[in-house]
Every structure is written in structure tokens, then in C-alpha cells.
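Please work out how this folds:
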Amino acid sequence: MPQGHPNLLLLSNSTAPGRTYLEHAREAILETLDGLRSIVFVPFALADHDAYTKTVRGALEPLGITVRGAHEGTPRDLVAGAEAVFVGGGNTFRLVKAIHELGLIDVVRARVAEGMPYVGSSAGTNAATPSLRTTNDMPIVQPPSFQTFGLVPFQINPHYLDPDPASMHQGETREERLTQFLEENDVPVLAMREGTWLRASDGAMRLDGVAAGARVFCRGSEPVEVPSGADVTWLVERVGSFDIHR
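I've put the predicted structure just below:
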């Protein structure tokens, strides 16, 4: 985790039923940017970078925020000089492959350590954790490493779905998959339901958004419910370990 107090907004999702792109999180975005008026958007989780950036411009420019796509120049240089960065959702494996190949891991870490705001949504939220291991996505490409930005020391599972006893689906529930992750790793997982986000600033972390809240999964204990508005700073105090020997 970067030194100092990172300024992060990590969204479970970018769209909500009946609302336009990012509409549900506008106030949180403005709070995170704190008067900054430009942002570099990292569109690499989707294939059409121009169209994706156009969507983000349509959401943020009416708020007075100028958007430049990281692909519209040299990505590393644009991020290095950015006032703020927004890493969008899509496929986490495709995103992580790109951020490794483009040399964005160390530059994002360095800029966040300096206080640059980082906004992530879905795959962009996965990328803020130490590893992509708790993504929901299919591995459509092979990144050189599962390592991600590591802006927080714990894992996040966006788009968390509670087990549905009435479902006819015979595959693992999200709860079962996260339990399997904890059989191999001792790293807490914040499982955020739709409409929620994690806000980090001034050394504190708070879960916000809709009332549905989140669940925290830790090795050797039952999942814990976390309501919206709860302080979750305690998550950074857990020193996790990957690939443990049982």
C-alpha cells in the first residue's frame, strides 16, 4: 500500500438500474476529485477504447471534468502527469495484461503515493487490490502476472451476489468461490454488493453507497456483514499472505 494517505474511490459498478453511466456516484466522484477539473481515463478493460472514453466524457464533462483517454497519447506519460486517474470496468484479465505491458503499475503506485486521486470501477476496483484473484471475470487473455496496483492491502470482490436458495444454477455461488480463495490465501476480501463503493481518504476507509452494504470474508471465520456508512479502516491492519501452505 502506498505511503501516506491514498485518495481512493473504488466502485462496485459504474451503472445502476434506471440511471445513466456513473450517475449514482457523481457526488462521491466530485468529493474524491476535490476541485480538480481533469482526469485521465484508463479504458483498457474494454476493446473499443475510443467508444469507452466517449462514454466517460459524456458522464463527467457535464460536471466540469475534462477527460482524456490514456490511449490518446503515451499512456505512461499521461498517467504520470495526470491530476487524477479513472480506471474503468470491463474484463480484469484484459486490463491487467495492458497495465503490465504499458508499464502503468509503478507509475500509478507512485502517483497515488503522492496524493493523486484514483477512481476505479469494477475491473478498475479489482486492479486497486494486490491481485486479480478475486475477480469474477473469464481469463480471455493471459497477463504476465496476477499482480495489480496494490493500493489497498486486501482483496475486493465487486458485483457481489448473495446465495439464492431458489436459483437453479448448479455452479459455485460467489460465497463458495471466495471461500475457496481463502483455502489457498490468507487475505481478507471485501465483497461489495451493487451500488456500493469504498472511499479512502485522510487515512480512513468507509463503505458507502446503497443500504445493501457488503460482506467481509476472512480465513477461518464466518463472513461478516458491513452496512453502508461503516468504517472499514481495520481491513488495512490485516497482513495477508498469498499461496499459503495449509
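
Just give the nearest non-adjacent residue to Pro158, would you?
Nearest non-adjacent residue to Pro158, counting by Cβ to Cβ, 6 or more residues apart in numbering: Ser12, 4.3 Å away. Using the backbone N, CA and C atoms, a C-beta is placed for each residue, glycine as well.

so what's the one you found up against?
121-122, 125, 158-160, 192-197, 209 (Cβ atoms under 8 Å, 6 or more residues apart in numbering).

Just the pLDDT at it, thanks.
For Ser12, the pLDDT comes out at 96.

any idea how far it is from Asp164?
Using Cβ to Cβ, to the nearest Å, Ser12 is found at 18 Å from Asp164.

Sort out for me which of the contacts of Ser12 are in helices.
Within the contacts of Ser12, residues falling in helices by DSSP state H are Thr125.

Now the buried members of the contacts of Ser12.
Among the contacts of Ser12, those scoring as buried are 121-122, 125, 158-160, 192-197, 209 (criterion: 16 or more other Cβ atoms under 10 Å).

burial of Gly69, as a residue count?
21 (other Cβ atoms under 10 Å).

Now it: closest residue in space, sequence neighbours ignored.
Nearest residue to Gly69, sequence neighbours excluded (Cβ to Cβ, 6+ apart): Thr53, at 3.7 Å.

Just the pLDDT for the one you found.
pLDDT, Thr53: 98.

give the contact list for it.
Contact analysis of Thr53 by Cβ under 8 Å, 6+ apart lists 41, 43, 67-69, 71-72.

cool, Phe242 as well?
By Cβ under 8 Å, 6+ apart, the residues touching Phe242 are 130-131, 133, 185, 187.

What residues sit buried inside the helix or strand encompassing Arg26?
For Arg26, the element it lies in under DSSP states H and E is helix 26-33. Going by neighbour count (16+ other Cβ under 10 Å), the buried part of helix 26-33 is 28-29, 32-33.

And for the residue lying closest to Gly115 once chain neighbours are set aside, the neighbour number?
Closest residue to Gly115 apart from its sequence neighbours, by Cβ to Cβ, 6+ apart: Asn7 at 6.2 Å. Counted with other Cβ under 10 Å, residues neighbouring Asn7 total 21.

returning to what we had before: then the residue nearest to Gly69 would be within a strand, right?
No. If the criterion is DSSP: H, G, I helix; E, B strand; the rest coil, then Thr53 is helix and not within a strand.

who's in contact with the nearest residue to Val40 once chain neighbours are set aside?
Distance criterion Cβ to Cβ, 6+ apart; nearest residue to Val40, sequence neighbours excluded, is Ala82 at 3.9 Å. Shown in contact with Ala82 (Cβ under 8 Å, 6+ apart): 38-40, 111, 116.
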